[in-house]
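**Q** Fold the following and give me the result.
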Amino acid sequence: MMALRNKARRLRKIPGKENVKAPVETLDRSLGGIFTVALTRPWRLLIDPISFSVAIYFAVVYNLLYMLFSIYPIVFQQKRGWNTGVGELPLIGTVIGACLGGLAMFINSQIYQRKLTKSYKSVPEDRLPGAMVGGVMFAVTIFWFAWTAEYNSVHWAVPTVAGTFLATSILLIFVVSINYIIDSYLMYAASAVAANTVLRSVCAAASPLFTQYMFDALGVGGAGSLIGALAVLLMLIPFVFYKYGANIRARSNFASIDQTPLPPADGEKAVNGRSPSQTSEKVNNG
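**A** Model prediction:
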């Protein structure tokens, strides 16, 4: 916030820019104003295109994550007749998948950091390739798991391996999308993440209530295909944002926009071509 205020002060020294104000300079700092903003801004952000689309995607992904704790007993205990202890062992595959996802995110982070050293200019969409890979993997592994788990004649290791890569894809989507939201909304990131968290958590909390009935009615293959069809549709979201994200952010009242950097203020030293007070956050022109 101090960086935005300093930037606005510098802009006001330019002829014709005397009325520029940073968002922080126009806020109602009374106790009532603070509570009003805290309680309403997350819901206003939720209907913003980027926040809403990512929240819906998260809701499906997070829902499936919690459904797995009901799906695995259906597949390995109910269908294959394994006892409770043995029937839970294939979940170890999801632990391995999560570790693989963490390794993939570490590698992705290193690539992203190296890219930043080459040029000061980065955009939130630079985060999305990981979610693009994870989205495709998510859709593929759901169908893989569902139709190999449908038939007892298929070796148990096949759906277990599918579950491993399913967990990897969930982590990729989750971490990358959170980073994308933070980079897209900057000063409003906490509100955007809060709205996203509420929606996905409500959906996940409901999943145990219908999972058993859904899989009993449709079968593992049919129920998995229904989820997979949603995954195919939703995996387009990171691709759309990668191509059109800058235009979508430019039309948003909350998202950051890409700007040409200002020269460093007196006494400041540019880092990677960007002054310390430089920010991509929108400045309200009053």
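**Q** what about the strands in the protein?
**A** Counting by DSSP state E, the chain has strands at residues 20-21, 284-285.
**Q** What helices and strands are in contact with the helix ranked longest in the chain?
**A** Criterion DSSP state H: the longest helix present in the chain is helix 189-234. Contact partners of helix 189-234 among helices and strands, from 3 or more CB pairs under 8 Å, 6 or more residues apart in numbering; DSSP states H and E: helix 31-46, helix 49-73, helix 129-149, helix 157-185. For the C-beta atoms, the positions are set from N, CA and C on the backbone; glycine is no exception.
**Q** which stretch among these comes nearest Lys243?
**A** helix 129-149 (10.7 Å; CB to CB).
**Q** Can you tell me the centre-most residue of the protein?
**A** Within the chain, one residue has its C-alpha closest to the average C-alpha position: by CA atoms, centre = their mean, that is Ser177, at 2.0 Å.
**Q** before we move on, the earlier item: quick one, which of the helices and strands packed on helix 189-234 gets closest to Gly222.
**A** Taking CB to CB as the criterion, Gly222 comes closest to helix 129-149 out of those, the separation being 8.1 Å.
**Q** still on that earlier bit, mean pLDDT lowest where, among the strands of the chain?
**A** Of all these, the minimum mean pLDDT falls on strand 284-285 (a mean of 42).
**Q** pLDDT below threshold where in the protein?
**A** Low-confidence segments of the chain (pLDDT under 70): 1-2, 4-5, 18, 22-29, 117-120, 258-286.
**Q** what about Phe241, neighbour count?
**A** Other residues near Phe241 come to 25 when the count uses other CB atoms under 10 Å.
**Q** again with Val86
**A** When counting by other CB under 10 Å, one arrives at 12 neighbours for Val86.
**Q** So Leu186 sits against Ser252, correct?
**A** No. With the criterion set as CB atoms under 8 Å, Leu186 and Ser252 do not qualify as a contacting pair; they are 11.6 Å apart.
**Q** Look up the closest residue to Pro124, ignoring the ones flanking it.
**A** Leaving aside its sequence neighbours, Pro124 sits nearest to Asp183 (CB to CB, 6 or more residues apart in numbering; 3.7 Å).
**Q** Help me confirm that the one you found comes into contact with Ser256.
**A** Yes. Counting by CB under 8 Å, Asp183 does reach Ser256; the two are 7.4 Å apart.
**Q** Find residues that contact each of these two.
**A** Residues touching both Asp183 and Ser256 (CB atoms under 8 Å, 6 or more residues apart in numbering) are Pro124.
**Q** From Gly33, how far off is the spatially closest residue to Gly134 that is not a sequence neighbour?
**A** Among residues not flanking Gly134 along the chain, Leu172 sits closest, at 3.0 Å (CB to CB, 6+ apart). Using CB to CB, to the nearest Å, one gets 39 Å for the distance from Leu172 to Gly33.
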